[in-house]
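Enquirer: Whatever this is, show me its structure:
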Amino acid sequence: MQQTSEAAHRLRARTFTCMGTVISLTVPTDAHKAPQAAADELEAATAVVERLFTELDSIFSLYRPDSEASRLVRGELGLPEASAEMRARYEEAAEWRLLTEGAFTPERPDGALDLSGIVKGHAIREAGMSLLALGMANWCLNAGGDVLVSGSPKPGTDVPWRAGIVDPADRRTLLAGFPLGGAALGSPPQSLSPSGLAPRGEKTADGGTRAALATSGSAERGDHIWGVTAGAAEFRQVSVAAADVVTADVLATAIVAGGVPMLNRATSMWDIEALAVRANGELLATGGFRR
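Expert: Numbers count the residues shown, from 1 in each chain. Okay, the predicted model is just below:
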């Protein structure tokens, strides 16, 4: 077996701030490229990702009075007259509202349109597609704790990326880790048990591996989630691993809003792994997180 040096797999990262959070792009070094060429490639890729996030933020941010979203909230613009991007994200969010039976919704309790629950996941998804289009096969994109990966931190191997989940009771420590990408093997999905969540495989139904993990809750940004049972505060934090980042992000938010009924619905309808932290610190976890 050919031995590969650790130096060849050293990771490089670039960060920027957008959408009120820190976004980082991490890639392994390419042993076949000169250091400066590899650095230039990472800089160029980060610029592409940053431009995409910035453009979406200019449309959807409710903190920017000149954004399209702010104009919609003020009644200066109607949804039928909104941009194609705005209407597409609303349509996607509305579909998720139906699928989650209202646990995820694109409207705030006061009726104002707020697509922040889906925009960051969409931005990560679009950025991932751009990175692949640039020919980059191995990378990790992290936007405020929501993670999407491709390939491996050690190219040419099955080693997965490792995503950490912060303990909501102590932000200085990790509650758990989860493998993303690579070739995480697991058992076939099983149904829920009455006492909790039965083991489910780390591989998706079509044989692929989990590429995304998203965490939602009140630990970092306060009670910013609403839904059919919001306010009950049954879960302080929920993390979901899935094949795609929008599914992970939406379902993490929906489970926080919908409590155990939504957790049971999500794990039975979608091929995901979930780790939920109750308000009293008790954990509910599917098999992938237990391992």
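Enquirer: any idea which element the residue nearest to residue 20 when sequence neighbours are not counted lies in?
Expert: For residue 20, ignoring the flanking residues on the chain, the nearest one in space by CB to CB, 6 or more residues apart in numbering is residue 63 at 7.2 Å. Every C-beta, even on glycine, is put in place using the N, C-alpha and C of the backbone. Per DSSP states H and E, residue 63 falls between elements, in no helix or strand.
Enquirer: With residue 250 instead?
Expert: Going by DSSP H and E, residue 250 is part of helix 245-269.
Enquirer: What strands flank whichever helix or strand comes after that helix, and is each parallel or antiparallel?
Expert: Per DSSP H and E, the first helix or strand lying C-terminal to helix 245-269 is strand 273-278. Looking at strand 273-278 with DSSP bridges, its partner strands are strand 235-242 (antiparallel), strand 283-285 (antiparallel).
Enquirer: What ranges does the stretch 51-200 of the chain have for its helices?
Expert: Taking DSSP state H, counting those that start in this stretch to define them, one finds helices in the stretch 51-200 of the chain at 68-73, 84-99, 116-133.
Enquirer: picking up where we left off before, against residue 93, how distant is the residue nearest to residue 20?
Expert: 19 Å (CB to CB, to the nearest Å).
Enquirer: Of these two, which one has the most company?
Expert: residue 93 (23 against 11; other CB atoms under 10 Å).
Enquirer: residue contacts, the residue nearest to that one when sequence neighbours are not counted?
Expert: Ranked by CB to CB, 6+ apart and with sequence neighbours excluded, the top spatial neighbour of residue 93 is residue 106, at 3.7 Å. With contact taken as CB atoms under 8 Å, 6 or more residues apart in numbering, residue 106 is in contact with 90, 93-94, 97, 113-115, 117-118.
Enquirer: which one of the strands paired with strand 273-278 is the most hemmed in?
Expert: strand 235-242 (a mean of 26; mean count of other CB atoms under 10 Å).
Enquirer: just checking, what's the longest strand in the protein?
Expert: If you go by DSSP state E, the chain has its longest strand at strand 170-180.
Enquirer: What is the next helix or strand after it packed up against?
Expert: Sequence order places strand 212-217 as the next helix or strand after strand 170-180, per DSSP H and E. If you count contacts as 3 or more CB pairs under 8 Å, 6 or more residues apart in numbering; DSSP states H and E, strand 212-217 packs onto strand 146-150, strand 161-167, strand 170-180, strand 235-242, helix 245-269.
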